[in-house]
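Undergrad: starting from these lines, generate the structure:
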Amino acid sequence: MHLAKTFIKIYYRDRQSLAFSLLFPLIFTLIFLFSGGEPDPTEIGLVNQSENDLSLKFVELVKENKAFAISEGDEVELRGQLIAGDLTALIIVPKDFDKSNTSRLRLLLDASQVRQVDAIKDSFDSMLLSIERELRGTQPLFTLSLEDVKARPQRYIDFLLPGILAYMLMNLCIAGSGYNLVEYRRRGILKRMFVTPIKPKDFIISIVLARMFIVLIQLSVILALAIGLLKINIIGGLYSLFGVIVLGAIIFLCIGFFLGSFAKTQEAIRPIALLFTLPQLILSGVFFPISSLPALIQPFAQALPLSVIASSMRDIANDGIPLFTLNFNFIGILAWIFISFFVATKFFNWQKVAS
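TA: Next up is the predicted model:
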């Protein structure tokens, strides 16, 4: 505890480091949260060469679809915008678009937007089907009634916040342990501590406690801003949420020690840490559900440390699940605590000094 207090004092006496460590998470969070709302409508160009009642009805249905932002004009102008990348797709209604002719609509897309082809085509197929039913005076055979079993609204920001907090937790902890370990080694602090009765586990636990205190303050500020300014809806208890943060801090701080054990210089620790954090940013469901990944990758992605932390925080914040619920995420947290502490103490070396 005495050593942990010492590390806290060292941190707060470094005013430049303190300012940047608080300012960067704030800027990072505000950028993602304010830009992390609902997806923007897809920019669609529309050329109506027919101008009859049927084509006008089709244009009206297209404009009512909130998923599209429609720009009307002539084909030459809109085709130029499509090539320039200002439009995602271009729909051309031909002159012979009427009841007596079954001519097809033309859908023009940029090849770089090929992933959106199916979604756009399905939307327009649905519109054409609505027009056809109205013209023939027929009713759909089946109807779909949507019922929200959670009976509460949830925005994309509500989904995004737990993932961002988990990602920030990982970065702050790895920077606070791995980077500091390399710095202490460079300044000879570890070499001097080697001759004291302090054991590796005592040294690691003291830094874990100190950095955990610092990280809790930083994430508390971020969470308070998210709740106060952006009206983030936290369904579960804050005690459970902070419980996951504490457990996650233990995991990532110990992993930071493990990564720092391989690096002899501060230049070396950066790519090593990036090699660990970057794949998890992509695979751990921070910005989109893991279920959207290929089925072959999903079991591996779900077992990552950032995945179990982010999923646990999301379960608590969005679904109100208690922290100590015996599920895959909680078991994963316990497993990673054991693994990370074991490798951190196993590979820790007082005398590995940078040349």
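
Undergrad: domain assignment for the protein?
TA: The chain breaks down into these structural domains: 2-36+155-346, 42-136 (assignment by automatic domain parsing).

Undergrad: of these, which is nearest Phe142?
TA: Among these, the nearest to Phe142 by CB to CB is domain 42-136 (12.6 Å). In short, each C-beta sits where N, CA and C put it, glycine included.

Undergrad: now the closest one, how far from the centre of its chain.
TA: Per CA atoms, centre = their mean, to the nearest Å, the displacement of domain 42-136 from the mean C-alpha position of its chain is 33 Å.

Undergrad: now it: mean pLDDT?
TA: Domain 42-136 shows an average pLDDT of 77 in the prediction.

Undergrad: repeat for stretch 338-349
TA: Stretch 338-349 carries an average pLDDT of 83.

Undergrad: distance between it and the chain's centre?
TA: The chain centroid and the centroid of stretch 338-349 are separated by 28 Å under CA atoms, centre = their mean.

Undergrad: got the buried residues for it?
TA: By 16 or more other CB atoms under 10 Å, the buried positions in stretch 338-349 come out as Ser340, Phe341, Val343, Ala344, Thr345, Phe348.

Undergrad: next up, the contacts around the last one.
TA: This points to Phe348. By CB atoms under 8 Å, 6 or more residues apart in numbering, Phe348 lies in contact with Pro200, Phe203, Ile204, Phe257, Ser261.

Undergrad: just checking, next helix/strand downstream of the helix or strand encompassing the third one?
TA: Read it as Ile204. Using DSSP states H and E, Ile204 sits within helix 200-229. Following helix 200-229 in sequence order, the next helix or strand is helix 238-260 (DSSP H and E).

Undergrad: and the domains of the chain as TSV, adding distance to Phe142?
TA: Listed next are the domains of the chain as TSV, based on distance: least, CB to CB, whole Å:
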stretch	distance to Phe142
domain 2-36+155-346	26
domain 42-136	13
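
Undergrad: of the ones you listed, which is nearest Thr143?
TA: Nearest of the domains of the chain to Thr143, taken as CB to CB: domain 42-136 at 12.3 Å.

Undergrad: and Ile321, what does it touch?
TA: Contacts of Ile321 (CB under 8 Å, 6+ apart): Gly236, Asp315, Asn327.

Undergrad: repeat for Gln266
TA: Contacts here follow CB under 8 Å, 6+ apart; on that basis Gln266 touches Tyr179, Val182, Glu183, Arg186.

Undergrad: just Leu209 next, same as before
TA: Neighbour list for Leu209: Met1, Ala4 [criterion: CB under 8 Å, 6+ apart].

Undergrad: go with 6 Å
TA: By CB atoms under 6 Å, 6 or more residues apart in numbering, the residues touching Leu209 are Ala4.

Undergrad: same question for Val244.
TA: If you count contacts by CB under 6 Å, 6+ apart, then Val244 has Ser312, Met313 around it.

Undergrad: just to revisit the earlier point, quick one: which of the contacts of Ile321 is nearest Ile272?
TA: Asp315 (30.8 Å).

Undergrad: mind listing what's buried along the strand or helix carrying Leu278?
TA: Assigned by DSSP H and E, Leu278 falls within helix 266-283. Neighbour-count burial for helix 266-283, counted by 16+ other CB under 10 Å, picks out Ile269, Ile272, Ala273, Phe276, Thr277, Gln280, Leu283.

Undergrad: now do the third one, the pLDDT please.
TA: Listed pLDDT for Ala273 reads 82.

Undergrad: where does Ala151 land on pLDDT?
TA: Per the predicted model, pLDDT is 51 at Ala151.

Undergrad: hmm, back to that, pull out the buried residues from the contacts of Gln266.
TA: The neighbour count (16+ other CB under 10 Å) marks Tyr179, Val182 as buried among these.

Undergrad: what about the contacts of Gln266, which are in helices?
TA: Here DSSP state H is the test, and these give Val182, Glu183, Arg186 as lying in helices.

Undergrad: quick check: phi and psi on the closest residue to Leu82 other than its chain neighbours?
TA: Of all residues not flanking Leu82 in the chain, Leu90 sits nearest, at 4.9 Å (CB to CB, 6 or more residues apart in numbering). Torsion angles at Leu90 (phi, psi; degrees, to the nearest 10) stand at phi -140, psi 120.
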